[in-house]
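A.B. asks: Sequence and predicted structure, then a few things I'm wondering about:
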Amino acid sequence: MGTIIKPARIRLGMVGGGEGAFIGGVHRMAARLDDEYELVAGALSSSPEKARRSGVALGLAPDRTYGSYQAMAQAEAARNDGIEAVAIVTPNHVHAPVARAFLNAGIHVICDKPVTVRSADARALQALAEERGLIFAVTHNYSAYPMVRVARQMVQAGRLGELRVVQVEYPQDWLAEPLEAGGQKQAVWRTDPAQAGGGAIGDIGSHAWHLADFVTGQPVAELCAELSSFVPGRAVDDNAQVMLRYANGARGAIWASQVAPGHLNGLRLVAGASQPAVAHAAGRAHPMPGTRRGRVRSGRRPPGPHPRGPPRGLPGGVRVAVRRDRAAPARGAQGRRPQARQGLPLPHHRRRRARRAVHRDRAALVPPGRALGQSARERRMILFLMLYPGGYAALAPSTTPTLISTPTEPTP
């Protein structure tokens with residue numbers, strides 16, 4: 001028998017995510033769990049000294065721990081063993097210049113959401129990525145959950161009839177108190193208009209909007225939004241309510257709040273049609289203060305959308321199915337599907353069988369990169385983006401469907 005040789009890991013760099021950062025550590029953990037990437041370089045802080053200490057703590061070579069992203073992009077592009085992709089995990093206002101520098105250097109980009117604080121910058125980055133033939137991925141991870149993918153298929157195939165109502169809510173509670181006044185790092189920059197560009201509407205409303213768009217596939221014709229700041233003195237919105245009118249006549253609403261005590265990370269979608277509706281919940285509401293288990297969660301770190309560890313109930317299952325499917329010929333929808341009673345949540349005793357059925361149904365898992373005509377290495381890159389714990393959505397080209405992992409409640 002021949003020896004199977006595992007391809008070398010994709011060389012990953014990171015901008016941001018150093019000492020005291022929140023999401024950078026989750027990205028690095030996810031990269032290790034996936035085992036397709038190796039972190040080899042970084043500009044981990046805007047402070048050169050903090051960047052150096054962070055590089056030492058992560059075991060990066062001193063000559064690949066950079067004091068600025070500009071120096072990193074230039075040096076890594078010139079190396080034969082330079083990075084192939086960069087993860088941008090900085091505050092929002094830095095996304096655009098960092099992404100532009102690495103795209104110009106010929107390096108694929110993985111960017112946290114929102115892409116930029118101005119739509120014109122986002123369109124310019126899209127054009128640059130297309131011009132350079134590079135992957136630009138944005139971490140709209142919730143579109144990567146199995147039941148979200150099933151809901152998308154059901155809605156867009158017309159299996160629920162005519163779409164009538166779309167309701168998405170994403171409540172959190174971590175900013176119910178003025179944490180920024182006490183210097184809490186995450187609260188300080190996320191409530192600063194110059195750094196964040198907006199408040200709840202950009203931080204978590206972007207997830208809600210994308211989820212509704214991904215599942216329904218319907219363009220919005222009109223909207224009416226009210227952005228509110230309930231915490232006195234806060235300079236950005238901490239609560240957003242948006243009414244939507246879709247082009248097909250359907251109505252929708254989005255509620256995104258970071259001042260809703262009792263909710264750690266309560267993303268929920270309901271798509272109502274002329275037949276029974278699809279419902280998906282990525283997090284459950286927590287007991288309200290005053291109950292036996294309830295407590296106000298303000299003062300904790302922000303609840304990131306990426307679970308810490310493999311998806312609960314599906315440890316590596318989706319990864320296994322996708323890896324198997326990469327080498328398989330295209331198939332029709334012949335596998336078994338979970339019969340979720342017209343799209344409603346399955347009873348507890350049937351979930352395990354349903355999860356196995358989803359694994360067997362390769363039609364429900366789009367082969368990564370096959371429709372893109374990418375090289376084998378680029379397909380591996382796209383696979384990783386899709387399977388970051390919680391799911392990474394590969395958006396190059398932007399119409400590419402994403403693969404999925406299982407929802408679980410994140411731990412802040």
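C.D. replies: It's in. It should be emphasised that the depicted structure is a prediction, and the values quoted were computed from it without experimental measurement.

A.B. asks: Every contact and neighbour count from this point should use C-alpha atoms.
C.D. replies: OK.

A.B. asks: would you list every one of the helices in the stretch 51-200 of the chain?
C.D. replies: For the stretch 51-200 of the chain, applying DSSP state H, counting those that start in this stretch gives helices covering 69-78, 95-104, 119-132, 146-156, 185-190, 193-196, 200-203.

A.B. asks: in the third one, what's buried?
C.D. replies: Which is helix 119-132. Under the neighbour-count criterion of 16 or more other CA atoms under 10 Å, helix 119-132 has 121-122, 125-126, 128-129 buried.

A.B. asks: Which two among those residues are spaced furthest apart?
C.D. replies: Asp121 and Ala129 (12.3 Å; CA to CA).

A.B. asks: bridging residues for Val278?
C.D. replies: Ala271 (DSSP bridges).

A.B. asks: Surely it is in contact with Val215?
C.D. replies: No. Using CA atoms under 8 Å, Val278 is not in contact with Val215; the gap is 9.9 Å.

A.B. asks: Have a look at the chain and report the helix or strand with the lowest mean pLDDT.
C.D. replies: Ranking every helix and strand in the chain by mean pLDDT, DSSP states H and E puts helix 317-326 at the bottom, with a mean of 32.

A.B. asks: Would you enumerate the residues in contact with Ile83?
C.D. replies: By CA atoms under 8 Å, 6 or more residues apart in numbering, the contact set of Ile83 is 10-13, 40-41, 76-77, 107.

A.B. asks: In space, what's closest to it - neighbours in sequence excluded?
C.D. replies: The shortest distance from Ile83 to any non-neighbouring residue, by CA to CA, 6 or more residues apart in numbering, is to Arg11 (4.7 Å).

A.B. asks: The one you found against Asn80, yeah?
C.D. replies: No. Between Arg11 and Asn80 there is no contact under CA under 8 Å: 11.4 Å.

A.B. asks: More neighbours: those two, which one.
C.D. replies: Between Arg11 and Asn80, counting by other CA atoms under 10 Å, Arg11 is the more crowded of the two (17 against 7).

A.B. asks: any idea which helix or strand carries that one?
C.D. replies: According to DSSP states H and E, Arg11 maps onto strand 10-15.

A.B. asks: strand partners of that strand, parallel vs antiparallel please.
C.D. replies: Here, using DSSP bridges, strand 10-15 pairs with strand 37-43 (parallel), strand 85-88 (parallel).

A.B. asks: what sits up against the shortest one?
C.D. replies: Among residues not part of strand 85-88, those counted as contacts by CA under 8 Å, 6+ apart are 10-16, 95, 98-99, 102, 107-112.

A.B. asks: The residue lying closest to Arg28 once chain neighbours are set aside: neighbour count?
C.D. replies: Nearest residue to Arg28, sequence neighbours excluded (CA to CA, 6+ apart): Leu39, at 7.6 Å. A count of nearby residues for Leu39, using other CA under 10 Å, gives 21.

A.B. asks: Output the below-cut-off pLDDT ranges for the protein.
C.D. replies: Within the chain, the stretches with pLDDT under 70 are 1-2, 277, 280, 282-412.

A.B. asks: That one: strands as residue ranges?
C.D. replies: Secondary structure of the chain (DSSP state E): strands at 10-15, 37-43, 85-88, 108-111, 136-138, 163-171, 220-228, 239-246, 251-257, 268-273, 278-281.

A.B. asks: Indicate which one of those is closest to Gly67.
C.D. replies: strand 37-43 (5.8 Å).

A.B. asks: Just the residues contacting the closest one, thanks.
C.D. replies: 9-16, 28, 31-32, 51, 55, 60-61, 64-69, 72, 83, 384.
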